[in-house]
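>>> I would like the atomic coordinates for the input below:
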Amino acid sequence: MKKRCDWCENTFDEYVEYHDKEWGVTVHDDKIQFEFLILEGAQAGLSWSTILKRREGYREAFANFDVEKVARFDEAKIQELLNNPAIIRNKLKVRSAVTNAQNFIELKDRYGSFDDYIWSFVDGEPVVNHWTSMSDVPATTEISDKLAKDLKKRGFKFVGSTIMYAHMQAVGMVNDHLVSCFRHKEIINMH
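Next up is the predicted model:
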């Protein structure tokens, strides 16, 4: 049996699959970056499993994470989303997704891609940690603090340091798999 990070042991299949196939894998695709920006923001105050169970609902509700379409969502569309049981119907989170889409496009225009912008915070290379226990894994770092501060300055919402560190973990900017987890070495070998 494969040894995994403690946080995904004894959970549902999609959670284990997310751990085994996505979490910590390097992402350089703006569409996926935008997807995680929305999903991590939606997670604020909730568990990742709550969001993961609604991921398909988010895909449908947010135009398959097409940033250009989401940036054009009007008040009627926002009200429709607030009545959609397939997503977290939090007014501030839904509105922030639209605002963040508009700001995401501005960053893309300025830096060539959102990906180029966000990866500049780690000089284009993943940070590889060697944690032996989940209690070692931080909720924030100096890098996530800087990233969150910069995004907030640019008008993004639901991008606090904890949320952005989770984003960094999700898109492989940080390898926070425990060293005992089979994915730690596999992800290092992907580079």
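
>>> now the strands for this protein?
Here the chain has its strands, by DSSP state E, at 127-128, 174-175.

>>> what helices or strands is the first one leaning on?
In other words, strand 127-128. Here strand 127-128 touches strand 174-175, going by 3 or more C-beta pairs under 8 Å, 6 or more residues apart in numbering; DSSP states H and E. All C-beta spots, glycine's among them, are computed from the backbone N, C-alpha and C.

>>> report all helices and strands that the strand it packs on contacts.
Contacts defined by 3+ C-beta pairs under 8 Å, 6+ apart place strand 174-175 against strand 127-128, helix 182-189.

>>> who does it pair up with?
Strand 174-175 has its sheet partners listed here by DSSP bridges as strand 127-128 (parallel).

>>> ok, residues contacting the strand it pairs with?
Contact with strand 127-128 is made by I143, M168, M173, V174, N175, I188, as judged by C-beta atoms under 8 Å, 6 or more residues apart in numbering.

>>> and the residue nearest to the last one when sequence neighbours are not counted, how far is that from S47?
When you say that, I think you mean I188. Nearest non-adjacent residue to I188, counting by C-beta to C-beta, 6 or more residues apart in numbering: V128, 6.1 Å away. Distance, V128 to S47, using C-beta to C-beta, to the nearest Å: 26 Å.

>>> repeat that for Y117.
Using C-beta to C-beta, we find Y117 at a distance of 28 Å from S47.

>>> these two: who's more crowded?
Y117 (20 against 10; other C-beta atoms under 10 Å).

>>> for that one, which non-adjacent residue is spatially closest?
Counting by C-beta to C-beta, 6+ apart, the nearest residue to Y117 once its immediate chain neighbours are dropped is Y111, at 4.1 Å.

>>> and for L82?
R89 (5.2 Å).

>>> how much space is there between the one you found and D115?
Distance from R89 to D115, by C-beta to C-beta: 30 Å.

>>> ok, those two, which is more surrounded?
Neighbours per residue (other C-beta under 10 Å) separate R89 from D115, with D115 holding more: 20 against 12.

>>> follow-up on the earlier one: out of the helices and strands packed on strand 174-175, nearest to P85?
helix 182-189 (33.0 Å; C-beta to C-beta).

>>> buried sites along the closest one?
For helix 182-189, burial by neighbour count (16 or more other C-beta atoms under 10 Å) applies to R183, H184, I187.

>>> my guess is S96 contacts G155. True?
No - using C-beta atoms under 8 Å, S96 is not in contact with G155, being 10.1 Å away.

>>> my guess is M168 contacts T140, does it?
No - look at M168 against T140 with C-beta under 8 Å: they stay out of range, at 10.0 Å.

>>> how far off centre is the lengthiest helix in the chain?
The single longest helix within the chain, with elements called by DSSP state H, is helix 91-111. Distance, stretch centre to chain centre, for helix 91-111: 14 Å (C-alpha atoms, centre = their mean, to the nearest Å).
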